[in-house]
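Visitor: Predicted model and sequence below, questions to follow.
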Amino acid sequence: MSVLRVTLSIRTTLVLAVLVAVIAPLAIWLTVQQNLFRSAFQPLVVENRQAQLNLAVSALVEPLWTLNETGITAVLDRTVAQPGVLSLRLEETRPTDDSHLVVHQRVRADLPPGTVPPPGAVCLQAPVLREGQSLGELQVCYDPDQLDRAMASRRWELFKLAALQAAMAALLVMGVLYHRLIRPLDRLKAQASRIALRGEEATMSWRHMDEIGELGEHLNDVHRQLHTLFGQIERQQQALEKLALHDHLTGLPNRLLFRELAQAACATALRDGHALAVLFIDLDRFKVVNDTLGHSAGDALLKTIAQRLSSSVRASDAVCRHSGDEFLLLLQDYGSLEQLMQTVERIQREVARPMMLEGREAHVTASIGIALLPDDAREPDELVRHADLAMYEAKKAGSNGHGFYRAELNQRVQAQMEVERELREALARDEFELHFQPQIGAARGELLGCEALIRWRHPQRGLVPPLSFIPAAEQAGLIGEIGVWVVRAACAQIARWKAEGLAFGCVAVNLSANEFRDSALVDTVRDAMQQHGVRPDEFEIEITETVLMTEAAALRIVADLQALGISIAVDDFGTGYSSLAYLKRLRPRTIKIDRGFLKDLPEDEEDRVVVEAIVGIAQALGIEVVAEGVETEAQRDYLCGAGCHILQGYLIARPADAQQYAQWLAARPPDIVSA
Ligand SMILES: Nc1nc2c(ncn2[C@@H]2O[C@H](COP(=O)(O)O[C@H]3[C@@H](O)[C@H](n4cnc5c(=O)[nH]c(N)nc54)O[C@@H]3COP(=O)(O)O)[C@@H](O)[C@H]2O)c(=O)[nH]1
């Protein structure tokens, strides 16, 4: 069903309605009036005509009798001038001479002469009698439209009167409607528009408390409520925006806002040729403070540093918390490089000031990397990345340092990223392989086992040693996947040797510190051993001392591995913290003296002292000592004499792939030590 949409405004509708309401009754009234008039005046007209005729006839008796022509003419002229009379005709009958007929005719002055009676005229006639004797006959003809004419004239008068009344009524009604309806409606409309546009001045005063006035007051209420509501929403929105763009702990802009500020600042600096620097700040020793004094102290420290950084630079510069203990500074128009360095040193001095946390004095320092626009980069993300690289480089040189970005840092990062990409591909293409280096008993030379050492068979570069890719894998977060591969590959190899009937002893694998962050390592090892039927005495894990010192979860994971029956060897012993407390708690099966202590043996006295001390401690704790990197017979003899239990090194065999190692096992002399 189609809906007819009426688009007439209320104003137009009301005007039309008022006009119809005034004109229609007026027209009806006029029509009724006319009919009433006609029916009332019709008989009067007839009577009036008859009376006129009678009057004229009476008036004619005397002149006709006396043959007074002047009198006759006067009566006739008077009669024809009567309203409604068109013409008259008097036939005179002379008493003296009947045969002689005198006829008098009159026509109304505005009619052409000779038309008696005019066509369509209503004619009345009567004899003129004197004492029963006929003196003549008078015929008077009347205008048939006399009444209509009279009515028309009256109708026009009535119409003018009625129109005047109607106009006055319409004006009155329109005036009332305008003041009480149309104008208030217009005001309502304007008020609603202002509310819709959220105008401040939307409240209106309403004098008449009629329906529209009440509606207007309601709108005032609505406006007040909306105003309050919008105010709340705006405040909440501002709070949300602040939350989204600011760090909730320090209140500083976060990296999102920093990016926006930096974008605008870079554009202005490039346009105006001004200097601009981005400083990447990383706090040294924050982790130590956080770990020792607790997280609330760490939070307080970050807030203090945020205040110190903000007060160290101008209000036009931007300070932002990037993440954790990292901050970004945007220094606009910093002046000369010398002035920039003064600012950097001021920041470092401010950060390094001691502070009281949890009743204890604490202090941290700042490592700062600096990238400059436009020399180092032209857009914010790149400036931040380069400043980060410079900070990383500065930190490597020691804490509380600063350094500028250099292009070769980026090249190094590019190379690192390339290695990472290649490592991912290597994992996917299974390009890694394990090599094995034997470990033998120092006293009798019997085979005790081997160390599994990873190699990367690179399609172009050939066999790549682990030190060329393990650090990159650690940085790329790929060391976990590589560790899983090593564990599974070692277990699979053990299963193959067992299937071939080879006596291989115990296989030790190397795992990095990062791998001891995730307790899933225990499941990986258990699953691999179960899958390949490896016994716990056939499998060993080598960890470095630093793992135990730096990874909080490592001790728990090591304990879980030991609970599986797997033995632990502490690698590179003597190069790290060499904490006796850890040794006592961990109880590894072996410790491996780092080959750095062996290379100048037996000549170097200090190395001899270290080796003998390690052997002494190990013996006291019931731990066996592996001497790795044994290259000469003199080293071997000294180490055997010093009490080392196990030997590993080129003197016995170089690391070899599984096939060569199996051949070595099959061909090896029965007693290599005593040879
Ligand atoms: N996380 C993992 N680390 C691993 C893995 N495989 C090896 N590594 C670590 O890489 C480092 C270098 O290993 P590599 O190049 O294989 O060198 C080993 C031996 O070849 C070398 N060695 C052994 N005997 C001698 C010797 O007489 N002289 C000499 N100059 N070098 C010798 O020592 C390395 C073994 O050292 P260690 O592990 O400390 O016993 C090395 O730190 C490996 O740990 C892996 O799968 N995952």
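Guide: That came through, no problem. Small disclaimer: the values here were computed from a predicted structure and weren't measured.
Visitor: can you give me how far the helix or strand harbouring residue 494 is from the chain middle?
Guide: For residue 494, the element it lies in under DSSP states H and E is helix 479-500. Using C-alpha atoms, centre = their mean, to the nearest Å, the mean C-alpha position of helix 479-500 is found 50 Å from that of the whole chain.
Visitor: May I see the buried residues of that helix?
Guide: Residues of helix 479-500 classed as buried: 479-480, 482-491, 493-495, 497-498 (neighbour count, 16 or more other C-beta atoms under 10 Å). Heads up, the C-betas are built off the backbone N, CA and C, glycines and all.
Visitor: How about it and the ligand, touching?
Guide: Yes - using C-beta under 6 Å from any ligand atom, helix 479-500 reaches the ligand at residue 486.
Visitor: helices and strands around that helix, which ones?
Guide: Counting contacts by 3 or more C-beta pairs under 8 Å, 6 or more residues apart in numbering; DSSP states H and E, helix 479-500 is packed against helix 407-429, strand 432-441, strand 447-458, helix 470-475, strand 506-510, helix 520-532, strand 539-544, helix 658-667.
Visitor: Kindly reformat the ones you listed as a markdown table containing mean neighbour count, mean pLDDT and distance to residue 92.
Guide: Putting those into a markdown table (neighbours: other C-beta atoms under 10 Å; pLDDT from 0 to 100; distance: least, C-beta to C-beta, whole Å) gives the following:
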| stretch | mean neighbour count | mean pLDDT | distance to residue 92 |
| --- | --- | --- | --- |
| helix 407-429 | 14 | 84 | 145 |
| strand 432-441 | 22 | 97 | 159 |
| strand 447-458 | 20 | 96 | 158 |
| helix 470-475 | 18 | 86 | 151 |
| strand 506-510 | 22 | 97 | 165 |
| helix 520-532 | 17 | 95 | 152 |
| strand 539-544 | 23 | 93 | 165 |
| helix 658-667 | 14 | 92 | 170 |
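Visitor: can I get those in CSV with distance to the ligand?
Guide: What follows is those, written out as CSV (distance: least, C-beta to the nearest ligand atom, whole Å):
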stretch, distance to the ligand
helix 407-429, 13
strand 432-441, 6
strand 447-458, 3
helix 470-475, 5
strand 506-510, 4
helix 520-532, 12
strand 539-544, 6
helix 658-667, 13
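Visitor: Could you export these as TSV, including distance to residue 134?
Guide: What follows is the helices and strands packed on helix 479-500, written out as TSV (distance: least, C-beta to C-beta, whole Å):
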stretch	distance to residue 134
helix 407-429	148
strand 432-441	160
strand 447-458	161
helix 470-475	154
strand 506-510	167
helix 520-532	152
strand 539-544	167
helix 658-667	171
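Visitor: Which of those sits closest to residue 340?
Guide: Counting by C-beta to C-beta, residue 340 lies closest to helix 407-429 out of those; the figure is 18.7 Å.
Visitor: now the helices for the stretch 301-450 of the chain?
Guide: Using DSSP state H, counting those that start in this stretch, the helices found in the stretch 301-450 of the chain span residues 337-352, 380-396, 407-429.
Visitor: Now tabulate those in a markdown table and tack on distance to residue 133.
Guide: As requested, the helices of the stretch 301-450 of the chain are exported to a markdown table (distance: least, C-beta to C-beta, whole Å):
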| stretch | distance to residue 133 |
| --- | --- |
| helix 337-352 | 150 |
| helix 380-396 | 139 |
| helix 407-429 | 153 |
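Visitor: Out of these, which gets nearest to residue 607?
Guide: So among those, helix 380-396 is nearest, using C-beta to C-beta, at 28.8 Å.
Visitor: Report the angle between the closest one and helix 407-429.
Guide: Interaxial angle, helix 380-396 versus helix 407-429 (axes from the mean of the first three to the mean of the last three C-alpha atoms, to 10 degrees): 90 degrees.
Visitor: got a list of contacts for helix 380-396?
Guide: Residues outside helix 380-396 that contact it (C-beta atoms under 8 Å, 6 or more residues apart in numbering) are 258-259, 262-263, 266, 278-282, 284, 322, 328, 367-371, 373, 376-377, 401-406, 409-410, 413.
Visitor: repeat that with 6 Å
Guide: 259, 262-263, 266, 278, 280, 282, 367, 369-371, 376-377, 401-405, 409 (C-beta atoms under 6 Å, 6 or more residues apart in numbering).
Visitor: repeat for stretch 433-445
Guide: 447-453, 455, 457, 489, 640, 644-648, 652-653, 655-657, 661, 671-673.
Visitor: Give me the contact list for stretch 162-174.
Guide: 18, 22, 26.
Visitor: closest to residue 559 among these?
Guide: Nearest member of the contacts of stretch 162-174 to residue 559, counting by C-beta to C-beta, is residue 18, at 99.6 Å.
Visitor: next helix or strand past the helix or strand containing the closest one?
Guide: Assigned by DSSP H and E, residue 18 falls within helix 10-66. Where DSSP H and E defines the elements, the next helix or strand beyond helix 10-66 is helix 69-80.
Visitor: List the buried residues of the next helix or strand after that following helix.
Guide: The element immediately downstream of helix 69-80 (helix or strand, assigned by DSSP H and E) is strand 85-93. Going by neighbour count (16+ other C-beta under 10 Å), the buried part of strand 85-93 is 85-93.
Visitor: Also compute the angle for strand 85-93 relative to helix 69-80, please.
Guide: Calculated by the same axes, to 10 degrees, strand 85-93 forms an angle of 150 degrees with helix 69-80.
Visitor: Now stretch 221-228 - C-alpha only, PDB.
Guide: Written as PDB, here are the backbone C-alpha positions of stretch 221-228 (Å, rounded to 0.1, in the frame of the first residue of the first chain):
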ATOM      1  CA  ASP A 221      14.800  19.300  30.900                       C
ATOM      2  CA  VAL A 222      16.000  17.000  28.000                       C
ATOM      3  CA  HIS A 223      18.600  19.600  27.100                       C
ATOM      4  CA  ARG A 224      19.800  19.900  30.700                       C
ATOM      5  CA  GLN A 225      20.000  16.100  31.000                       C
ATOM      6  CA  LEU A 226      21.700  15.700  27.600                       C
ATOM      7  CA  HIS A 227      24.100  18.500  28.600                       C
ATOM      8  CA  THR A 228      25.000  16.600  31.800                       C
END
